[in-house]
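Trainee: here is a sequence with its predicted model. Questions after.
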Amino acid sequence: MTSLEQILKLKGQIAESIIGQEDVITKILIGLLTDGNVLLEGLPGLAKTRAVKSLAKNLDCNLSRIQFTPDLLPSDITGTEIYQPEGKEKFVFQQGPIFSNLILADEINRAPAKVQSALLEAMEERQVSVAGKTYKMDPLFMVLATQNPIEQEGTYPLPEAQLDRFIMKVLITYPGNDDELQIIRLVRSEAAEEKKEKKIIPTQAIFDARTEINKVQVKEPAEKYIVDLISATRYPDKFSKDLQRWLNYGASPRGSISIDRCARAAAWLDGRDYITPDDVRFIIHDVLRHRIILSYEANAEGITADAVIDELLKSVAVA
């Protein structure tokens, strides 16, 4: 079985327990295949946590779930040094839950900035520094954070610097009526039937897939299209009057790098070794919605980041 077949099988097994969220499953897999971190935003009960747990259940890896609360400390995430009276070393580092393969940071915006910043080094550098020592993360490491968009009391909005560390911000919406009916039946059947053993996908399939994704070709016209889209967020006056009114700050170079990486992963999942403008359009909302800063006028008019990106796609011609 090829690495693509294994990843598609993984996607299918996750979809069996997450009904009506195929796009979300695809975006989570793209985040994993690009060695990135993903922020999941949606109302309570829309299977954000279930999606992450389903991924861990069907992949040969470990999962750590961290429930973010206002009283959480950085050491609760990274770990701390423990004093032991016996032995040569008096202090021994006890690893925290961050030392796992998949990290489910549940309700990440409920913890203060000091705790949120404890994730930054692990997310970006794949290491943790404690008491002057550096500890490397496992080769397979991914933070999947969730947040509730409507609950504002007792929350700490993520700063732009931390948001930029997420390769994608994926929005989870309500399922359709037919999907809701299937969800009811699925939960009912899970309670009544014995759980069937599924074939676990080895982690080597992820590393093999990453090697193949690195070989996906990006021609110069596609590169120029990506650069023009990012440029339009920084200099909107050159592209559209609406963009000029709605945008205060554009995306950083991480934005263009992330579009390139995610578009290559999307093309690979589609069985191609080259990207097209459709691949860019497929992932651009998830890559940019948390990287652009809207103006006061946009917020006053109720213009969302997704609406701005829609205008962006209309204003920038395909090279």
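Mentor: Arrived safely, thanks for sending.
Trainee: what about S189, distance to P236?
Mentor: Applying Cβ to Cβ, to the nearest Å, one obtains 51 Å for the distance of S189 from P236. In short, each C-beta sits where N, CA and C put it, glycine included.
Trainee: look through the protein and report the residue furthest from the middle.
Mentor: The C-alpha centroid of the chain is most remote from E86, which lies 43.2 Å away (Cα atoms, centre = their mean).
Trainee: any idea how this protein splits into domains?
Mentor: The chain is divided into the following domains under automatic domain parsing: 3-191, 215-315.
Trainee: start to end distance for the longest one?
Mentor: Just to be clear, that refers to domain 3-191. 33 Å (Cα to Cα, to the nearest Å).
Trainee: tell me the mean pLDDT over that domain?
Mentor: Taken as a whole, domain 3-191 has a mean pLDDT of 87.
Trainee: more neighbours: which of S189 and P236?
Mentor: Each of S189 and P236 has its neighbours counted (other Cβ atoms under 10 Å); P236 has more, 24 against 9.
Trainee: before we move on, the earlier item: mind putting the domains of the chain into JSON lines with distance to K198?
Mentor: Listed next are those as JSON lines, based on distance: least, Cβ to Cβ, whole Å:
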{"stretch": "domain 3-191", "distance to K198": "6"}
{"stretch": "domain 215-315", "distance to K198": "20"}
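Trainee: which one of the ones you listed lies closest to I206?
Mentor: Among those, the nearest to I206 by Cβ to Cβ is domain 3-191 (6.3 Å).
Trainee: who touches stretch 229-243?
Mentor: Contacting residues not belonging to stretch 229-243 are listed as 244, 246-247, 249-251, 253, 255-256, 259, 280, 284, 288, 291-292, 308, 311-316 [Cβ atoms under 8 Å, 6 or more residues apart in numbering].
Trainee: I'd like the average pLDDT over that stretch.
Mentor: 92.
Trainee: CA-only coordinates of stretch 241-251, as CSV, when you get a sec.
Mentor: What follows is stretch 241-251, C-alpha atoms only, in CSV (Å, rounded to 0.1, in the frame of the first residue of the first chain):
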residue,chain,number,x,y,z
LYS,A,241,-10.7,50.2,-3.0
ASP,A,242,-12.7,47.8,-0.8
LEU,A,243,-9.5,46.0,0.2
GLN,A,244,-7.9,49.3,1.0
ARG,A,245,-10.8,50.2,3.3
TRP,A,246,-10.9,46.8,5.0
LEU,A,247,-7.3,45.9,5.6
ASN,A,248,-4.9,47.4,8.2
TYR,A,249,-2.1,44.9,8.1
GLY,A,250,-1.3,42.0,5.7
ALA,A,251,0.2,38.6,6.0
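Trainee: and it, what's buried?
Mentor: 242-243, 245-247, 250-251 (16 or more other Cβ atoms under 10 Å).
Trainee: repeat that for stretch 43-56.
Mentor: 46-49, 51-56.
Trainee: ok, stretch 4-17 next?
Mentor: For stretch 4-17, the neighbour count (16+ other Cβ under 10 Å) marks 4, 6-7, 9-11, 13-15, 17 as buried.
Trainee: show me what contacts L40?
Mentor: 24, 28, 48, 51-52, 144-147, 170, 172.
Trainee: could you redo the last one with a cut-off of 10 Å?
Mentor: 24, 27-28, 31, 46-49, 51-52, 104-106, 108, 144-147, 166, 168-172 (Cβ atoms under 10 Å, 6 or more residues apart in numbering).
Trainee: after the helix or strand hosting it, which helix or strand is next?
Mentor: For L40, the enclosing helix or strand under DSSP states H and E is strand 38-42. For strand 38-42, the following helix or strand on the C-terminal side (DSSP H and E) is helix 48-58.
Trainee: done for today, thanks.
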